[in-house]
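A.B. asks: dropping the sequence and predicted coords here.
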Amino acid sequence: MENIIANLKQFWAFTGFANCNLNYLIMIVIGLVFIYLAIKKDWEPMLLIPIGFGILIGNIPLFQGLNVGVYEEGSVLNILYQGVQKGFYPPLIFLGIGAMTDFSALISNPKMLLIGAAAQFGIFGAYAISLALGFDAAQAGAIGIIGGADGPTAIFLSSRLAPDMMGAIAVSAYSYMALVPVIQPPIMRLLTTNKERLIRMKPPRAVSPVEKKIFPIVGFLLTAFIVPSGIPLLGMLFFGNLLKESGVTKRLANTASGPLCDIVTILIGVTVGASTQADQFLRIESVKIFGIGALSFVIATFAGVLFVKFFNLFLKEGNKINPLIGNAGVSAVPDAARVSNNVGLSYDKSNYLLMHAMGPNVAGVIGSAVAAGILLGFLG
C-alpha cells in the first residue's frame, strides 16, 4: 500500500497541476483570448490561432528534466524554435510575401514610396522611447521595429539584437498587426477634415509586364546596395516577386506563396507562442514592450497621415492624395490598406481607396526591411 501511495505521489509531482502557479494560468488565459479574437472577431486568424495555441503549449507547467519544453536543449520544440532563434523563418516568410504581392500600385505611382518611408517614423520613435525608458541601444532597436507592423521583421531583428526579449517583441508585433483595424481609424479621423476624406484620386496607370519583371531586380539592387545588412529579407522579398512576375516559374511562385509560406507561418506562430513561458515572459520589461509597441503604431499612423497632408501642399488640385491612405504606410499587408478603404467608404460609398492604399502598403514592407537593415548595421 505504501508503494502505491508513493507511486501516486510521484505521478502527481510530474503533472502540470502540481507545478502550476498563477503566472501560468495568466498566460493560458492570454492564449485563450488570442484564439477567441481570431475566431470570434476574425482578427488575423492565420497568426493569432497558431500563436494563441503556442502560448497554451508553452505554459503547461513542466517538471524540469522532461526535455519537452521549448527552452530545453534538444527537445522537439527547441529544435523547431531554432528557426526563430537563428532567424531563418522570417526570410522564408518574406519569400512568400514577395511571391503573393503585386507591386503595380507602387510602380504606377512611385510617390507612394515616400508615404511608406514616412510611416517608418514609428520604428525610430519607438527606438527613442525605448532608450528613454532605460533599454540599451540594441534592445531599443529590437523593440522599435514593432512600429513597422511586420512580425517576421521583428523576429529577424530581435533574434540578433535582443534574443532574450524575442518572445515579447514578436507577440507584441503580431498582436498589434491584428489590432490595426482598431488602432488606426480613430487617428485617421482625428487628423483629417471631411473635405480631405472625400478627395478622389486619379485611377493608377496600367503597369506593363516588362515593368513588373524589372522592378524586383532594380528594387533589390538599389535597396541592397544602400542597406547590405537587409539582404536576407530584401533578397527573399524581391526574389519571391520575380518568381511571380517572370511568368516562367509559376510552380515555384505558387509553392512559395502557398504551401511553404503556410508551413513556416504555422511553425513561427506556434514556436513564438510557446516561447512565452510564464517565467520568461511575465516581467516588467514585457509590459514596457507592449506599451511601446502600441505607441509605435500610433506614431506610424500619425506620421503617415500627416506626411500626406504636408505633401498635398505641393500638389496641384486634382493630383492631391487622400490622407486616409497615409495609415497604409505600415507593413501590415493588406490589412492597413483595407482600413484606408473602409474608412474612406464610410464617408463616400463610391470612393474606393484600396488600390491607391496598396502603394504605400507594399512600400511599407520594403521600408520596414530597410529600417531593420539600418538598425542591424548600426547596432548588430
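C.D. replies: It's in.

A.B. asks: low-scoring stretches of the stretch 201-350 of the chain, by residue?
C.D. replies: Per-residue confidence of the stretch 201-350 of the chain (counting by pLDDT under 70) places no residue in a weak region.

A.B. asks: in it, what residue spans correspond to helices?
C.D. replies: Assignment of helices within the stretch 201-350 of the chain using DSSP state H, counting those that start in this stretch yields the ranges 209-226, 231-245, 250-255, 261-274, 278-281, 284-312, 335-347.

A.B. asks: which of those sits most buried?
C.D. replies: helix 231-245 (a mean of 24; mean count of other CB atoms under 10 Å). Where you see a C-beta, it was placed from the backbone N, CA and C, and this is true even at glycine.

A.B. asks: how big is the angle separating the host helix or strand of residue 155 from helix 284-312?
C.D. replies: The secondary structure element spanning residue 155 is helix 151-161 (assigned by DSSP states H and E). If you take axes from the mean of the first three to the mean of the last three CA atoms, to 10 degrees, helix 151-161 sits at 130 degrees to helix 284-312.

A.B. asks: ok, and what's touching helix 151-161?
C.D. replies: Taking CB atoms under 8 Å, 6 or more residues apart in numbering as the criterion, the residues outside helix 151-161 that touch it are 47, 84-87, 89-91, 93-94, 138-139, 141-142, 145-146, 148, 165-166, 169-170, 172-174, 177, 232-233, 268, 272, 331, 368-369, 372, 375-376, 379-380.

A.B. asks: next, the distance between the ends of stretch 95-110.
C.D. replies: This stretch, stretch 95-110, spans 23 Å end to end (CA to CA, to the nearest Å).

A.B. asks: also stretch 109-128?
C.D. replies: 32 Å.

A.B. asks: got the buried residues for that stretch?
C.D. replies: Going by neighbour count (16 or more other CB atoms under 10 Å), the buried part of stretch 109-128 is 109, 112-127.

A.B. asks: the one helix or strand residue 26 maps to: how far from the chain's middle?
C.D. replies: Remark: residue 26 resides in helix 22-40, with elements defined by DSSP H and E. Averaging C-alpha positions (CA atoms, centre = their mean, to the nearest Å) puts helix 22-40 20 Å from its chain's average.

A.B. asks: quick check, distance from whatever helix or strand comes next after that helix to the centre of its chain.
C.D. replies: Following the chain from helix 22-40 toward its C-terminal end, the next helix or strand by DSSP H and E is helix 45-58. From the chain centre to the centre of helix 45-58 is a distance of 15 Å (CA atoms, centre = their mean).

A.B. asks: what does stretch 194-211 give?
C.D. replies: Centre-to-centre, stretch 194-211 and its host chain are 26 Å apart (CA atoms, centre = their mean).

A.B. asks: distance check, the residue lying closest to residue 23 once chain neighbours are set aside against residue 166.
C.D. replies: Residue nearest to residue 23 in three dimensions, not counting chain neighbours: residue 278, with 3.7 Å by CB to CB, 6 or more residues apart in numbering. Residue 278 is 16 Å from residue 166, where distance means CB to CB, to the nearest Å.

A.B. asks: same question for residue 100.
C.D. replies: When distances are taken as CB to CB, residue 100 and residue 166 turn out to be 26 Å apart.

A.B. asks: looking at those two, which is more packed in?
C.D. replies: Summary of the neighbour comparison: residue 100 and residue 166, criterion other CB atoms under 10 Å, with residue 166 having more neighbours (24 against 17).

A.B. asks: contacting residues around the more buried one?
C.D. replies: Residue 166 makes contact with 84-85, 142, 155, 158-159, 272, 275 under the criterion CB under 8 Å, 6+ apart.

A.B. asks: would you turn the residues you listed into CSV with distance to residue 319?
C.D. replies: Converted to CSV, the contacts of residue 166 look like this (distance: CB to CB, whole Å):
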residue, distance to residue 319
84, 45
85, 48
142, 40
155, 39
158, 41
159, 43
272, 43
275, 48
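
A.B. asks: can you pick the most crowded of those residues?
C.D. replies: In terms of neighbours by other CB under 10 Å, those top out with residue 142 at 32 neighbours.

A.B. asks: phi first, then psi, for it.
C.D. replies: Comment: the main-chain dihedrals of residue 142 come out as phi -70, psi -40, following degrees, to the nearest 10.

A.B. asks: what does residue 133 give?
C.D. replies: Dihedral angles phi and psi of residue 133 (degrees, to the nearest 10) take the values phi -90, psi 10.

A.B. asks: how many neighbours does it have?
C.D. replies: Each residue near residue 133 was counted by other CB under 10 Å, and the total is 15.

A.B. asks: is it true that it touches residue 288?
C.D. replies: Yes - Residue 133 sits in contact with residue 288 when judged by CB atoms under 8 Å, with a separation of 5.9 Å.

A.B. asks: shared neighbours, these two?
C.D. replies: By the contact definition CB under 8 Å, 6+ apart, residue 133 and residue 288 are jointly contacted by no residue.

A.B. asks: leaving out sequence neighbours, find the closest residue to the residue nearest the centre of the chain.
C.D. replies: Central residue check for the chain by CA atoms, centre = their mean: the C-alpha nearest the mean position is that of residue 150, 2.2 Å away. Nearest residue to residue 150, sequence neighbours excluded (CB to CB, 6+ apart): residue 331, at 3.9 Å.

A.B. asks: could you measure from that neighbour over to residue 85?
C.D. replies: Residue 331 is 22 Å from residue 85, by CB to CB.
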